[in-house]
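Trainee: The amino acid sequence is not available; the structure is as follows:
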């Protein structure tokens, strides 16, 4: 079993920055693909960013140029640097990990990943 624990959320004014972390632990024998998702009240869960085991990245259009996903393979930790935050970025952010090959067409759905964390709240005030 693998556990994912997110941290780094909080309250920040519009235009501010936050860095989220997602630490993986447990029975880990390979480098996973790691993704970030978010869900705001009354809205569907949506894909935010992905970093594959080889380091390829992908972003949802609304966060391109503002968010940066990275990873530390030695720590099996993924990060999401969020700059120029907007009130519409307010949501619970959670990470997900996939240890099997991830079909590119399925990267946008959190249900495609093997494990998901509990999430961390990000609130951006206007």
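Mentor: In hand now; what should we look at? In this text, all values refer to a predicted model and were calculated from it rather than measured experimentally. Numbers count the residues shown, from 1 in each chain.
Trainee: so what's residue 98 up against?
Mentor: 32, 33, 34, 35, 112, 113, 114 (CB atoms under 8 Å, 6 or more residues apart in numbering). Glycine gets a C-beta too; all of them are placed from N, C-alpha and C.
Trainee: try residue 33
Mentor: 50, 51, 52, 53, 97, 98, 99, 102, 107, 113.
Trainee: what does residue 47 give?
Mentor: With contacts defined as CB under 8 Å, 6+ apart, residue 47 is in contact with 35, 37, 60, 107, 108, 109, 110.
Trainee: any low-confidence regions in this protein?
Mentor: The chain contains no residues with pLDDT under 70.
Trainee: what pairs with residue 38 across the strands?
Mentor: Beta-bridge pairing of residue 38 under DSSP bridges involves residue 46, residue 93.
Trainee: Confirm for me that it is in contact with residue 95.
Mentor: No - assessed by CB atoms under 8 Å, residue 38 is found out of contact with residue 95, at 10.3 Å.
Trainee: Looking at the two, which is more packed in?
Mentor: Taking other CB atoms under 10 Å, residue 38 and residue 95 do not tie; residue 95 has more neighbours (31 against 24).
Trainee: among the contacts of residue 98, who's most crowded?
Mentor: Neighbour counts for the contacts of residue 98 peak at residue 35, which has 29 neighbours (criterion: other CB under 10 Å).
Trainee: And the spatially closest residue to it that is not a sequence neighbour, its phi and psi?
Mentor: Of all residues not flanking residue 35 in the chain, residue 50 sits nearest, at 4.4 Å (CB to CB, 6 or more residues apart in numbering). Backbone torsions for residue 50, taken as degrees, to the nearest 10, come to phi -140, psi 140.
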